[in-house]
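Chemist: Everything below, folded, please.
(one chain, ligands or ions: 1)
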Amino acid sequence: MNMPVDQQAIERDYQIKQQDYLELYQSSLEENDVFWLEKAKTLEWMKAPTQGFEGGFEPGNVNIKWFADGVLNVSTNCIDRHLVQRASDTAIIWEGDSADEDKHISFQELHDEVCKLANALKKLGVEKGDRIAIYMPMIPEAAYAMLACARIGAVHSVIFGGFSPNAIADRVNDCQAKVVITADAGRRGTKSVPLKANVDAALSNNACPSITHVLVFNAVGLDVPMGSVDVDAATILAECDSHCEPEPMAAEDPLFILYTSGSTGKPKGVLHTTGGYLVYAAATHKAVFDYQPGEIYWCAADVGWITGHTYIVYGPLANGATTVMFEGVPTYPDERRIGQIVDKHNINILYTAPTAIRALMAKGEFAGEGSSRESLRLLGSVGEPINPEAWHWYHRVIGNSRCPIVDTWWQTETGGMMITPLPGATEMKPGSATNPFFGIEPELVDNEGKALEGATEGNLIIKRSWPGQARTLWGDHERFEQTYFSTYPGNYFTGDGARRDEDGHYWITGRVDDVLNVSGHRLGTAEIESALVSHPAIAEAAVVGYPHDIKGQGIYVYVIPVAGTEVTDELSKEVVSWVRKELSPIASPDLMQWTPGLPKTRSGKIMRRILRKIAADDFASLGDTSTLADPGIVDTLIENRMNRG
Ligand code: PRX
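Modeler: Next up is the predicted model:
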């Protein structure tokens with residue numbers, strides 16, 4: 001099935017030609033500030049920056065600033081400056097969960113809605129620098145909310161709609177949010193997500209004392225109970241003006257916080273700032289998708305994740321693109337939906353995740369039936385390694401064997417794409433993210449931090465700063481330094497491993513820390529373990545990932561019951577729903593093994609290497625187990641393993 005890829009299948013005068021890449025890349029490193037200050041000119045500044053990068057990655061003094069003397073507003077860059085010539089052009093195409101619902105929102109409408117909402121927030125007492133939690137379905141109001149915060153200088157923190165009340169409360173409390181923007185409920189396929197009820201539960205018993213108001217949109221017509229902090233969005237918006245002066249923001253003022261999982265402890269509030277982030281979002285969106293005016297672009301992510309921030313909202317709108325926002329899921333009403341949406345809106349560029357591709361691929365050719373997808377010219381992949389089989393299926397069935405694929409590697413912390421092909425300029429290799437973007441200097445190192453040369457495999461670090469880089473973790477700069485800059489001092493450590501081939505192309509192999517990637521969702525094993533041990537029947541838990549055909553990684557849970565507990569199927573089911581409720585349905589254990597003990601060293605450290613091997617049903621070479629406190633436990637674990645083949 002692995003057919004050769006026709007590089008020239010789509011004739012096009014690409015912005016960046018093959019021979020240009022190396023030259024441009026070299027000069028972007030050699031004259032880094034010049035390169036980025038030039039890119040910064042594509043934005044509209046209230047005061048243009050004259051400074052490029054300032055600071056460094058030195059341990060104990062990690063300090064990152066870009067364009068520090070510049071002043072701008074993100075919402076005017078994404079909206080107002082396009083009004084001059086394109087007020088009636090479509091900014092957002094919204095495709096509903098149900099195939100017969102859609103909406104076109106022009107730049108003028110976007111402007112008016114964002115300004116009204118910004119004024120509503122002001123009315124509720126929101127000021128520059130205040131934090132606002134956004135817990136919304138995939139409806140245009142989610143984008144309005146983000147841009148309204150940006151307009152008045154409030155810092156948004158979008159919480160993925162799949163998170164449960166506890167997870168909402170943790171995030172709201174960590175950043176001391178003042179207002180939550182939410183909706184009655186959200187729809188995803190056949191499911192309804194009770195967003196308002198989840199917020200009520202998160203706030204119950206005064207669990208989130210910083211919240212003064214909850215602004216509630218009516219998305220599906222539910223009659224939700226309104227309490228004393230609740231404000232009906234339609235009512236307050238009706239009283240608000242559609243003009244709102246944009247707040248002048250220093251380039252290094254915070255734009256948003258986005259919580260993401262790490263290998264230890266609670267989720268981390270990754271902080272992105274205004275100028276550098278927007279320059280990077282716009283520059284990568286433009287170059288990697290070779291975006292040309294008038295093209296219809298669809299990133300099928302959720303705004304609750306960084307991909308939705310950078311490539312549904314900020315990057316495309318900064319470039320004046322028409323961006324598609326999809327409320328539903330790719331398998332509803334069935335696997336043909338993606339193709340149908342592409343045809344319906346004449347979409348030219350489609351950016352999605354390998355997990356979605358594999359879910360469609362599971363039904364063979366069906367996903368391609370009933371649509372021509374002739375409008376497509378470029379495909380993108382993000383979020384996890386794409387296996388060559390899925391790559392070829394995507395290329396052949398969705399892309400009709402004629403669209404290049406950009407496999408883009410990046411992270412919440414990087415703000416935008418870091419290692420990625422450029423269509424027309426990079427040879428496509430199924431499974432490889434290929435080359436660093438301009439200004440990005442990756443290196444592979446061994447565990448001691450020694451740089452590895454040539455074709456090799458190692459830990460992926462980035463040696464110098466780039467404008468889209470996270471500046472800190474909200475309220476915990478020490479953890480920021482510790483997490484990203486202490487392992488290989490003076491460098492940014494990605495937490496990923498990678499291989500470099502003879503051509504110098506990078507192949508991301510996945511996380512080298514205790515972070516899982518389940519259906520493209522990033523989850524910390526520690527978070528799931530803490531949800532598990534909060535169950536009264538569980539004394540101890542260890543969570544590892546294992547290879548999963550559709551999800552990429554599945555969640556394998558080892559649990560030790562509290563003494564005297566009777567382990568039954570009902571109890572196992574109850575534990576699964578407990579985790580779903582405590583944390584999120586996305587953290588739902590796939591396989592659960594009850595065990596009397598775990599493999600621990602004599603100092604009490606769990607040997608996860610062994611647990612990972614058993615979970616993968618690959619325990620022929622477990623390595624040295626002689627240092628275990630109780631080596632016998634390994635046989636018991638193998639005997640009762642849950643993954644057989
Ligand atoms: O392991 C890498 C994987 O996703 C991680 C980042 O997850 P998150 O912060 O949620 O951001 C996802 C969207 C950018 C990375 O550390 N990852 C992301 N893209 C790729 C990838 N792994 C392989 N190939 C990719 N293209």
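Chemist: tell me which residues in the helix or strand hosting residue 121 are buried?
Modeler: Assigned by DSSP states H and E, residue 121 falls within helix 107-123. Going by neighbour count (16 or more other Cβ atoms under 10 Å), the buried part of helix 107-123 is 107-122. Yep, even glycine has a C-beta here, placed from its N, CA and C like the rest.
Chemist: do the same with stretch 258-269
Modeler: 258-264, 266-269.
Chemist: Stretch 87-94 now?
Modeler: Buried-residue list, stretch 87-94, by 16+ other Cβ under 10 Å: 87, 89-94.
Chemist: Please pick out the residue of this structure most distant from its centre.
Modeler: When each C-alpha in the chain is compared with the mean C-alpha position (Cα atoms, centre = their mean), residue 564 comes out farthest, at 42.1 Å.
Chemist: and the gap between the closest residue to the ligand within the stretch 301-450 of the chain and residue 264?
Modeler: Per Cβ to the nearest ligand atom, the residue of the stretch 301-450 of the chain with the smallest distance to the ligand is residue 412, at 3.4 Å. From residue 412 across to residue 264, the span is 16 Å (Cβ to Cβ, to the nearest Å).
Chemist: try residue 237
Modeler: Separation of residue 237 from residue 264 (Cβ to Cβ): 42 Å.
Chemist: Which stretches in the stretch 101-250 of the chain count as helices?
Modeler: Residue ranges of the helices in the stretch 101-250 of the chain, as given by DSSP state H, counting those that start in this stretch, are 107-123, 140-152, 165-175, 195-203, 233-238.
Chemist: Now tabulate those in CSV and tack on mean pLDDT and distance to the ligand.
Modeler: Output for those, formatted as CSV (pLDDT from 0 to 100; distance: least, Cβ to the nearest ligand atom, whole Å):
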stretch, mean pLDDT, distance to the ligand
helix 107-123, 98, 25
helix 140-152, 99, 17
helix 165-175, 96, 15
helix 195-203, 98, 21
helix 233-238, 98, 29
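Chemist: Can you lay out these as CSV showing distance to residue 439?
Modeler: CSV is the format used below for those (distance: least, Cβ to Cβ, whole Å):
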stretch, distance to residue 439
helix 107-123, 30
helix 140-152, 24
helix 165-175, 30
helix 195-203, 39
helix 233-238, 41
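Chemist: which one of the ones you listed lies closest to residue 22?
Modeler: helix 140-152 (36.2 Å; Cβ to Cβ).
Chemist: could you say what helices and strands the closest one packs with?
Modeler: Applying 3 or more Cβ pairs under 8 Å, 6 or more residues apart in numbering; DSSP states H and E, one finds that helix 140-152 makes contact with helix 74-75, strand 90-95, helix 107-123, strand 131-135, strand 155-158, strand 254-260, strand 322-326.
Chemist: And the last one, what does it pack against?
Modeler: Going back to what we said before, that points to strand 322-326. For strand 322-326, where contacts count as 3+ Cβ pairs under 8 Å, 6+ apart, the packed elements are strand 90-95, helix 140-152, strand 296-299, helix 315-318, helix 337-345.
Chemist: what's the closest of the ones you listed to residue 534?
Modeler: Taking Cβ to Cβ, helix 140-152 is the member of the helices and strands packed on strand 322-326 nearest to residue 534, at 30.2 Å.
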